[in-house]
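Chemist: Sequence and computational prediction follow.
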Amino acid sequence: MRDRLRAAGEALDGRRRAVLAQNPDLTLTTLYNCLEQLRAGQPLDARQEAIKQRGLVIILRDLHDAIDRLAYAAYGWPDGLSRDETVARLAALNQARAQEEAAGRVHWLRPDYQRRQAGASQAQTQSLFLAVSTPGPAARRPAFPADRYAQPLAVQAVLRAAGPIAPPDLARRFSGGARLEPRISRVLATLHRYGHVERLPDGRWAAARAA
């Protein structure tokens with residue numbers, strides 16, 4: 001499964017690089033804005049239709065769908081989960097991992113490389129147990145994803161779990177704290193644009209209510 005996921009990811013990355021190289025006026029943001037409109041069933045104007053054609057957005061969508069199916073299979077989840085169901089499951093996994101790391105148990109994503117960086121023995125398994133002091137509340141906070149496509153999922157997961165919340169409080173739910181607020185505010189603005197979150201009169205944000 002790992003090899004299949006790697007191959008699918010490389011196919012997606014290669015396709016995106018080729019599209020951007022052949023169309024210097026396009027950006028990843030442009031492509032994914034168009035993709036989001038397609039997924040939402042929103043009509044495309046002439047400019048957006050041209051982006052869809054030149055950017056091979058339908059192919060990008062199919063590649064992402066293939067990666068999703070492989071990821072579901074890797075987790076043992078049924079195919080065809082809704083976005084909300086997927087976010088809920090990812091949030092639960094993220095919380096479980098944060099609790100393990102707070103207790104000193106680290107799961108390597110790239111064992112050979114990360115063990116060397118940490119100075120750990122090659123004889124160790126893919127999980128490393130560290131001697132740690134009793135963690136405070138901040139130690140249990142998950143990291144904000146570096147992947148810009150995972151960031152909206154993380155923000156939505158907090159909104160669904162915590163209810164209406166202001167950006168500064170939302171930022172403090174992650175280990176980066178206040179310095180994350182500008183990034184989180186941008187993610188909220190993007191989610192609001194596509195109807196996934198609502199801005200309340202008091203400045204707090206909430207997950208959009210189902211129609």
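Modeler: Ah, there it is.

Chemist: nearest residue to R2 other than its sequence neighbours?
Modeler: In space, and not counting its chain neighbours, R2 is closest to A74: 7.9 Å by C-beta to C-beta, 6 or more residues apart in numbering. (Each C-beta comes from the backbone N, C-alpha and C, glycine too.)

Chemist: give the contact list for that neighbour.
Modeler: Counting by C-beta atoms under 8 Å, 6 or more residues apart in numbering, A74 makes contact with M1, R2, L5.

Chemist: what does P167 give?
Modeler: Under the criterion of C-beta under 8 Å, 6+ apart, the neighbours of P167 are E181, I184, S185, L188, W205.

Chemist: Counting neighbours, which of these comes out on top?
Modeler: Comparing those on neighbour count, W205 comes out first with 24 neighbours (neighbours: other C-beta atoms under 10 Å).

Chemist: pretty sure that one contacts A189?
Modeler: No: look at W205 against A189 with C-beta atoms under 8 Å: they stay out of range, at 9.9 Å.

Chemist: Any figure for the gap between N94 and F174?
Modeler: Shown here: N94 relative to F174, a distance of 11 Å by C-beta to C-beta, to the nearest Å.

Chemist: okay, and the common contacts of the two?
Modeler: Taking C-beta under 8 Å, 6+ apart as the criterion, N94 and F174 both touch P142, A154.

Chemist: Can you list the residue ranges for strands in the protein?
Modeler: Listed from the start of the chain, the chain has strands (DSSP state E) covering 105-107, 127-129, 197-199, 205-207.

Chemist: per-domain residue ranges of the chain.
Modeler: Each domain of the chain is listed here as a residue range: 2-75, 82-140, 141-211, per automatic domain parsing.

Chemist: Point to the residue nearest the middle of this protein.
Modeler: Centroid-nearest residue in the chain, with C-alpha atoms, centre = their mean: A150, separated by 1.0 Å.

Chemist: List phi and psi for that residue.
Modeler: In terms of degrees, to the nearest 10, the main-chain angles of A150 are phi -90, psi -20.

Chemist: residues in contact with it?
Modeler: With C-beta under 8 Å, 6+ apart as the criterion, no residue contacts A150.

Chemist: ok now stretch 59-74, how far from the chain's centre?
Modeler: In terms of C-alpha atoms, centre = their mean, to the nearest Å, the centre of stretch 59-74 is set 14 Å apart from its chain centre.
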